[in-house]
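Novice: All I have is the shape, not the residue letters:
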DNA sequence: TTTCCATCGGCACTCTGTGCCAATAATATG
DNA sequence: CATATTATTGGCACAGAGTGCCGATGGAAA
């Protein structure tokens, strides 16, 4: 499997030579996600999406390197945000709080984007194919956490404790999403916060 | 994606009617894993494996429901073992210790199987396609842990805390394997144990 | 107008996974 | 021994994802 390098054509500053693009990753992603929600991920072919978007099947793969990547949107952008937030955490903040607050923060979205986020996560977490593919994206996310932990503790980013805490933070996030999708009245941030404290309670001995 | 129902033909008690099987899941798995190690997962086709095993391509899929499932061996059997071990833990044992010891125990294998385990895990954890597919197997594993936690705490198996601890235990296991594959001198059991204590240290506040 | 060039999309191909079904080879039965 | 039963096999055709190749398209720049 090819690494998910930027399949999105380089967005030109404003005007350059060459044919204009027919669509955008965002627009195409929206079109695809709608179809996934309506008919189910497995019942929608790349050809269906391309046709609905008015482009060729071949062109689809220039916007998304795979059908699986479509629902992820601009995840790399979010990773950059996560990295920045972590870097801003004061050195005095205990590691537990630094992680807890950063993870909560990473998953904070504007009120009006919540319904969209719910749709996206519902598809991502209930479609087996996508559950599987997600593991590849999570690798990147975990690395951001691990690097922060390593920096804090003065160890290598691939040291056991850094990797472990990356895994644990991811696990807490995912279980929060799972719960969040089931009960619409719950707040994502509070679920993540609660997850951190649940683990503390059980692990505190 | 289809759920991984038993693709392995029912093993007959000893003698029944019908044509005899040409191979076994174990033998076919060994053949395939050898090829994966030698040439890389992505450079080996199902046809290659089938040919090496002396069966038809179509028959391969009766032993393994997908190429991705081949390296997993009898994982369902291990899950049953994990469930039994958890059920045997005395009620007095604190949850932290119950989980820690059970996870360590789950990953304890006979000395002579270690090299094989290392090969298997190396392929599973370094091949992107398999890293992705593994997420589906991990779901089952996490559920076993979550059910135990739920039983212990008197909550539903899908409650937030049970799901979270399933995720966390998985995370600790995976980071231990990652470390274990890098440094051959380390013991898997000690890495897992260390992972639990690392998380305790950071989360204890 | 001509040149340049990013984007597009058709085509052919590989590989995974599946439904269908006849062929095979073993046991069970008359 | 001949025939019926049954589990397994494997060939064939097909859908769908993803890729390399390359000419066509339609903008901007010269």
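Specialist: Happy to help now that I have it. Keep in mind it's a predicted model, so treat the numbers as computed, not measured.
Novice: residue closest to the middle of chain A?
Specialist: In chain A, the residue lying closest to the centroid (CA atoms, centre = their mean) is residue A:75, at 4.8 Å.
Novice: and residue A:119, how many neighbours?
Specialist: 15 (other CB atoms under 10 Å in any protein chain shown). Every residue, glycine included, has its C-beta placed from N, CA and C.
Novice: Return the per-residue confidence for it.
Specialist: Here the pLDDT value assigned to residue A:119 is 96.
Novice: What strand or helix carries it?
Specialist: Using DSSP states H and E, the element containing residue A:119 is helix A:114-126.
Novice: So the host helix or strand of residue A:100, near chain B or not?
Specialist: Using DSSP H and E, residue A:100 sits within helix A:95-106. Yes - Helix A:95-106 lies within reach of chain B by CB under 8 Å from any CB of the partner chain, at A:95, A:96, A:99.
Novice: wait, isn't the last one in contact with residue A:165?
Specialist: Yes - in this structure, residue A:99 sits in contact with residue A:165. The criterion is CB atoms under 8 Å, and the distance is 6.8 Å.
Novice: which of these two has more neighbours?
Specialist: residue A:165 (29 against 25).
Novice: Stretch A:122-137 vs chain B: in contact?
Specialist: Yes - against chain B, stretch A:122-137 shows contacts by CB under 8 Å from any CB at A:128, A:129, A:131, A:132, A:133, A:134, A:135, A:136.
Novice: top of these by neighbour count?
Specialist: Most surrounded of the residues of stretch A:122-137 next to chain B: other CB under 10 Å gives residue A:133, at 26 neighbours.
Novice: Quick check: that one touching residue A:68?
Specialist: Yes - in terms of CB under 8 Å, residue A:133 counts as a neighbour of residue A:68; the distance is 3.9 Å.
Novice: what's the straight distance from one end of stretch A:106-114 to the other?
Specialist: Start-to-end span of stretch A:106-114 (CA to CA, to the nearest Å) is 14 Å.
Novice: And it, how far out from the chain middle?
Specialist: Relative to its parent chain, stretch A:106-114 has a centroid offset of 13 Å by CA atoms, centre = their mean, to the nearest Å.
Novice: tell me which residues in that stretch are buried?
Specialist: Using 16 or more other CB atoms under 10 Å in any protein chain shown as the test for burial, stretch A:106-114 gives A:106, A:107.
Novice: Which residue, other than its chain neighbours, is closest to the residue nearest to the centre of chain A?
Specialist: Leaving aside its chain neighbours, residue A:75 sits nearest to residue A:137 (5.8 Å; criterion: CB to CB, 6 or more residues apart in numbering or on different chains).
Novice: just residue A:178 next, same as before
Specialist: Spatially, and ignoring its direct neighbours in sequence, residue A:178 is nearest to residue B:163 (5.7 Å; CB to CB, 6+ apart).
Novice: What helices and strands are in contact with the longest helix along chain A?
Specialist: For chain A, the longest helix by residue count, based on DSSP state H, is helix A:128-153. Other elements packing on helix A:128-153 under the criterion 3 or more CB pairs under 8 Å, 6 or more residues apart in numbering or on different chains; DSSP states H and E are helix A:75-88, helix A:95-106, helix A:114-126, helix A:160-182, helix B:128-153.
Novice: what angle separates it from helix A:114-126?
Specialist: Calculated by axes from the mean of the first three to the mean of the last three CA atoms, to 10 degrees, helix A:128-153 forms an angle of 100 degrees with helix A:114-126.
Novice: so for stretch A:88-105, what's the average pLDDT?
Specialist: Per-residue scores along stretch A:88-105 average to 97.
Novice: for it, the distance to its chain's centre please.
Specialist: On the basis of CA atoms, centre = their mean, stretch A:88-105 sits 20 Å off its chain's mean C-alpha point.
Novice: and if you look at stretch A:79-96?
Specialist: Relative to its chain's centre, stretch A:79-96 lies at 18 Å (CA atoms, centre = their mean).
Novice: ok, and what's touching it?
Specialist: Identification of contacts with stretch A:79-96 by CB atoms under 8 Å, 6 or more residues apart in numbering or on different chains yields A:98, A:101-102, A:105-106, A:140-141, A:144-145, A:147-149, A:152-153, A:165, A:196, A:200, B:202-203, B:205.
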